[in-house]
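Enquirer: everything below, folded, please.
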Amino acid sequence: MTSHIIPPAAIAVNRPAAPGPVVVSVPHAGRIYPPEILSAARVDRCALERLEDRWCDRIAAGAHDAGAAVVTAFWARAVADCNRGEGQMAPGEVAPTLRAQFATPGRKERAGLGVVPTRLADCGPLWKQPIDRTALEWRLDRLHRPFHDALAGEIAAACTRFGFAILVDLHSMPTIPPGQPGHGARIVIGDRFGATAAESLAALAVASASALGEPVLRNQPYAGGHIVRTHGRPGDGVHAIQIEIDRSLYLTAEGLPDAGRIGWLSRWFAEFIRKAGQWRPDAEFLPQAAE
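Expert: Alright, predicted model coming up:
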């Protein structure tokens, strides 16, 4: 997959004038499809767009003014999934020369949702050919690695300034259907069952989301993916949580952004970022008494 054009920026880092300890990650809302990706696809763009956390970057629109550095993927998730590790692929989804390095796939990889998405329900294979080494390295070098390098840089800068950092990884989710774990939840806070963040920070996130009046769950069914697992190291002062928001809270039935609902969630998210910026690892979160 050789590029013959100068591509647009795959990611953006938006730093506040007065930096705080919070870094926001938006890995799945990218809407740019490089021509190399569209020419390699055996499905149309509309099918690839089903991979997106559609328009959830707009929920993070006020996070910069609230004091967070915001790292956003502009290129689409179809290029590479920044919330998967480089070793997360199923051997049946790649060229024979790559199969040995992907010998132990998990459930998501077997479903075609590895570091390069390869299948979707009702679509079959997404690509004309299995992913070979050239295609894999191109995707990793152009999007996945720069995204994680940028996150690591912003986290390190926060740790240098404050002695700790908070990573908030923002996603959207389809409505959880009946019969599946977490059905009814509209917002899910994930901290990998306490492995990636202090209890008081996770509690702050749950309390803030609950104030929206929507059902909130913690770690069910989304406990947190590769981003919080990789960068969240509470023992080293890096506390990471994942936030999943039901798309029906801010999209129309046609999948377009509802300006009023996005504004509502954006104001909530900015306020949460302000509160998180005041949190300290050595302080327990105590909810305010009702007045």
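
Enquirer: tell me where the stretch 1-150 of the chain has strands.
Expert: In the stretch 1-150 of the chain, the segments counted as strands under DSSP state E, counting those that start in this stretch are 11-14, 22-26, 69-73, 119-120, 124-125.

Enquirer: so can I have CSV of the ones you listed showing mean neighbour count, distance to residue 217 and mean pLDDT?
Expert: From N, CA and C alone the C-beta is placed, and that goes for glycine too. Shown next, in CSV, are the strands of the stretch 1-150 of the chain (neighbours: other CB atoms under 10 Å; distance: least, CB to CB, whole Å; pLDDT from 0 to 100):
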stretch, mean neighbour count, distance to residue 217, mean pLDDT
strand 11-14, 17, 30, 97
strand 22-26, 28, 21, 98
strand 69-73, 25, 25, 98
strand 119-120, 18, 25, 94
strand 124-125, 14, 32, 92
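
Enquirer: wait, which of the ones you listed is closest to residue 54?
Expert: Ranking the strands of the stretch 1-150 of the chain by proximity to residue 54 (CB to CB) places strand 22-26 first, at 12.0 Å.

Enquirer: how distant is that closest one from the center of its chain?
Expert: 9 Å (CA atoms, centre = their mean, to the nearest Å).

Enquirer: that one vs strand 69-73, what angle?
Expert: 10 degrees (axes from the mean of the first three to the mean of the last three CA atoms, to 10 degrees).

Enquirer: returning to what we had before: can you tell which of the strands of the stretch 1-150 of the chain is closest to residue 232?
Expert: Across these, closest to residue 232 is strand 22-26 (CB to CB), at 11.0 Å.

Enquirer: given the closest one, what are its sheet partners and their directions?
Expert: Applying DSSP bridges to the sheet, strand 22-26 is found paired with strand 69-73 (parallel), strand 165-173 (parallel).

Enquirer: in a markdown table: those strands, plus distance to residue 21.
Expert: What follows is these, written out as a markdown table (distance: least, CB to CB, whole Å):
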| stretch | distance to residue 21 |
| --- | --- |
| strand 69-73 | 10 |
| strand 165-173 | 5 |
